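A.B. asks: just the structure for this:
(4 chains)
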There are 2 protein chains.
Amino acid sequence: MRRDVFQAIADPTRREIINMIAQHPLNVNAVAENFEVSRTAIYKHIKMLTECGLVVITQFGRERYCEARLERLAEVADWVEQYRKVWTERLDNLENFLDDLETKKRKPGRKKG
Amino acid sequence: MRRDVFQAIADPTRREIINMIAQHPLNVNAVAENFEVSRTAIYKHIKMLTECGLVVITQFGRERYCEARLERLAEVADWVEQYRKVWTERLDNLENFLDDLETKKRKPGRKKG
DNA sequence: TATAAACGCAACCTTTGGGTTGCATTATAT
DNA sequence: ATATAATGCAACCCAAAGGTTGCGTTTATA
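C.D. replies: Residues are numbered from 1 along each chain as shown, chains lettered A, B, ... in the order given. From the prediction side, this is the model:
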């Protein structure tokens, strides 16, 4: 069972669930009521979210409140952010690299430096 | 076919591929050589990455160079960033909310579970 | 106490995901 | 012209994903 945050947020329903409880906790049924699919389907999504730490459940009587552990998204944020500089500064890697490559191949002369 | 960036980066192999070509383009075989699985498996991953715009392919002779379109990750960055304030400021939603809830439901006698 | 609400979860189904082997195609090299 | 490198892709396999129905359990309430 691969249970990482990346996979957890891959499903749009789960992203919606996270969004739904980001502001304040909701019990399982309350979450499920906001979707067309069955309570069991939502339950499974929530379970998966708990398995990767994105959601924590606290029981109150017969209700179980789902709280979002948004700090778990830091892993995703970090991964994405490492590339931000590359895409914002638009290093034109492709053109440079392929230009180089073409030059190298077409002419046996020295590569760029 | 759900082909969105969130799903694309859900797979660790695909994240590795992105990382591998983030700095400079590589042809399909060059990418595949870095993995244990077959070239076809990698080809499929690359295809999926192109289908959601995360990778663009440019052909040079018999080689096809894969370039990462990292700006597509902005969608992920945006989604995650909207929650950063919540998790960094640690609004203690759970405690507040559930404390409230307990107070409302229970009689004045406080008891912690 | 009986009933209903709020679950957890097994059993089952269908589609998708990720992998493989094998072969056809195109471009480069000999 | 022929061999080989780089690749696309069909056909197939198996496990996982996402869904359903149904039922048991625990807790609140009439």
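
A.B. asks: so what's the spatially closest residue to A:L70 that is not a sequence neighbour up against?
C.D. replies: Leaving aside its sequence neighbours, A:L70 sits nearest to B:W87 (C-beta to C-beta, 6 or more residues apart in numbering or on different chains; 3.8 Å). Quick note: C-beta positions are derived from backbone N, CA and C, even for glycine. Residues in contact with B:W87 (C-beta atoms under 8 Å, 6 or more residues apart in numbering or on different chains) are A:R69, A:L70, A:E71, A:L73, A:A74.

A.B. asks: and the gap between B:W87 and A:N19?
C.D. replies: According to C-beta to C-beta, to the nearest Å, B:W87 and A:N19 sit 14 Å apart.

A.B. asks: cool, A:Y43 as well?
C.D. replies: Distance from A:Y43 to A:N19, by C-beta to C-beta: 18 Å.

A.B. asks: one step back: closest one to DNA strand C out of the contacts of B:W87, please.
C.D. replies: A:R69 (16.2 Å; C-beta to the nearest atom of the strand).

A.B. asks: so the closest one touches A:T50, yeah?
C.D. replies: No - the pair A:R69 and A:T50 fails to qualify as a contact (C-beta atoms under 8 Å) at a distance of 9.2 Å.

A.B. asks: between those two, what contacts are shared?
C.D. replies: A:V56.

A.B. asks: residue ranges with poor pLDDT in chain A?
C.D. replies: Scanning chain A for pLDDT under 70 picks out A:1-2, A:90-113.

A.B. asks: the domain parsing of it - what is it?
C.D. replies: Following automatic domain parsing, one gets these domains for chain A: A:5-71, A:73-106.

A.B. asks: Provide a list of residues in contact with A:A22.
C.D. replies: A:A68, A:L70, B:Y83, B:V86.

A.B. asks: apply 6 Å and report the result again.
C.D. replies: Each residue near A:A22 by C-beta atoms under 6 Å, 6 or more residues apart in numbering or on different chains is listed here: A:A68, B:Y83.

A.B. asks: whatever residue of chain A ends up closest to DNA strand D: neighbouring residues, count only.
C.D. replies: Here the residue of chain A nearest DNA strand D is A:G61; by C-beta to the nearest atom of the strand that distance is 2.4 Å. Residues lying near A:G61 (other C-beta atoms under 10 Å in any protein chain shown) number 10.

A.B. asks: distance of it from A:D4?
C.D. replies: Taking C-beta to C-beta, one finds A:G61 at 33 Å from A:D4.

A.B. asks: kindly report the same for A:V86.
C.D. replies: Taken as C-beta to C-beta, the span from A:V86 to A:D4 is 23 Å.
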